[in-house]
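*Asks:* output the structure for:
(one chain, ligands or ions: 1)
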Amino acid sequence: MQLNDKIALVTGGGRGIGQGIALALAKAGADIVVADLDLAIARETAADVEALGRRCLALQVDISDAASVRRLIEEAEAGLGPLDIAVNNAGIIGIHSLDALTVEEWDRVMNVNARGTFLCTQAEVAVMRSRRVGRIINVASMAGKVGFPDLSHYCASKFAVIGFTNAVAKEVAAEGINVNALCPGIVDTGMWRGESGLSARWSQEGESEPAAWERLQKSLLPQGVAQTPEDMGQLVVYLAQAEHVTGQAIAVDGGFTL
Ligand code: NAI
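*Replies:* Just a heads-up that it's a prediction; the model follows:
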């Protein structure tokens, strides 16, 4: 158990990639704070963590709101103890061509993905700094390294996450806090699947969503298959322990950004 008795916070931990990361950290021995906008799904993940024999706290947060983030960090530390690891994973997507992109939609995505990552990282560094130890992992995307059509505001928000991560890593490097970004490729979650996901949007004429999902994995990824939330969890468990890795944006994308 490499992370025995470490305390880890995962935002957006109620489902998808965040859930996979929370469970991987728990399997490695950490106790977990699962934070999500949707408290009901955070509680479901918390029950799964407890079933693995670890302590877990489910908390509600809106990461785009500074007061909500401050409250989260206070309640997390009061409930489980000093945070060693923070995974800023919560994020949203919108699919719009440039001419259809409104200011409201731009702000909605930037406020969660970019501002939310800033607010969480700032609050986490503030508590980790005095203890001179901490591991922060910001979930960016392959869309933080390469542009995609119909995703200009999402890409802008994820490029921002990577630039922010790199700058903060330098700022706190001498204080025992490592800050890295994880860049997932294609992961089978609500972002890609279902009627409002990317595979439906990028389906060809007469092509079903499941068929588009299969085609996109094969055509976009050199390895030809999507990644899983567990793959993301493996890298997070590594980064939570690594002493000398900081300021990096590490892709787990089946070779997309080769
Ligand atoms: P998801 O939509 O399945 O889960 C996102 C979670 O974040 C949900 O539980 C949701 O309730 C929560 N959330 C949304 N807004 C929030 C807010 N304001 N405050 C707190 N929680 C909030 O998404 P998925 O796919 O698991 O994505 C997780 C992260 O990974 C996101 O940052 C996303 O941009 C990134 N990502 C996902 C990829 C994929 O293929 N699914 C690829 C690359 C990056």
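*Asks:* in this structure, spot the strand with the most residues.
*Replies:* Of all the segments of type strand in the chain, defined by DSSP state E, the longest one is strand 177-184.
*Asks:* which positions within the following helix or strand past that strand qualify as buried?
*Replies:* The helix or strand immediately downstream of strand 177-184 is helix 198-201, counting by DSSP states H and E. Within helix 198-201, the residues that count as buried by 16 or more other Cβ atoms under 10 Å are 198-200. C-beta coordinates here come from the backbone N, C-alpha and C atoms, glycine included.
*Asks:* adding pLDDT and distance to the ligand, write those out as JSON lines.
*Replies:* Shown next, in JSON lines, are those (pLDDT from 0 to 100; distance: Cβ to the nearest ligand atom, whole Å):
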{"residue": "Leu198", "pLDDT": "94", "distance to the ligand": "8"}
{"residue": "Ser199", "pLDDT": "95", "distance to the ligand": "10"}
{"residue": "Ala200", "pLDDT": "94", "distance to the ligand": "14"}
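*Asks:* check contacts around Glu74.
*Replies:* With contact set as Cβ atoms under 8 Å, 6 or more residues apart in numbering, Glu74 has no partners.
*Asks:* part of a helix, is it?
*Replies:* Yes. Using DSSP: H, G, I helix; E, B strand; the rest coil, the assignment for Glu74 is a helix.
*Asks:* what's next to the helix or strand harbouring Leu57, contact-wise?
*Replies:* Secondary structure from DSSP H and E places Leu57 in strand 56-60. Here strand 56-60 makes contact (Cβ under 8 Å, 6+ apart) with 26, 31-39, 42-43, 45-47, 49-50, 72, 75-76, 79-80.
*Asks:* in the stretch 51-200 of the chain, which residue sits closest to the ligand?
*Replies:* Gly91 (2.2 Å; Cβ to the nearest ligand atom).
*Asks:* angles on the backbone of the closest residue to that residue other than its chain neighbours, please.
*Replies:* Ranked by Cβ to Cβ, 6 or more residues apart in numbering and with sequence neighbours excluded, the top spatial neighbour of Gly91 is Asn113, at 4.8 Å. In terms of degrees, to the nearest 10, the main-chain angles of Asn113 are phi -70, psi -50.
*Asks:* you'd agree Asn113 is up against Ile162?
*Replies:* No. With contact defined as Cβ atoms under 8 Å, Asn113 does not reach Ile162; the gap is 11.3 Å.
*Asks:* higher neighbour count, the two?
*Replies:* With neighbours defined as other Cβ atoms under 10 Å, Asn113 and Ile162 compare such that Asn113 has more, 29 against 20.
*Asks:* distance check, that one against Trp213.
*Replies:* Going from Asn113 to Trp213 by Cβ to Cβ, to the nearest Å gives 23 Å.
*Asks:* up against the ligand, what does the protein have?
*Replies:* 11-12, 14-18, 36-38, 41, 61-64, 89-92, 112, 116, 139, 141, 184, 186-187, 189-192 (Cβ under 6 Å from any ligand atom).
*Asks:* the residues you listed in helices, which ones?
*Replies:* Counting by DSSP state H, those place 16-18, 41, 116 in helices.
*Asks:* which residues does the nearest residue to Ala24 once chain neighbours are set aside contact?
*Replies:* Using Cβ to Cβ, 6+ apart and skipping residues adjacent in sequence, the residue nearest Ala24 is Gly233, 2.5 Å away. By Cβ under 8 Å, 6+ apart, the contact set of Gly233 is 20-21, 23-25.
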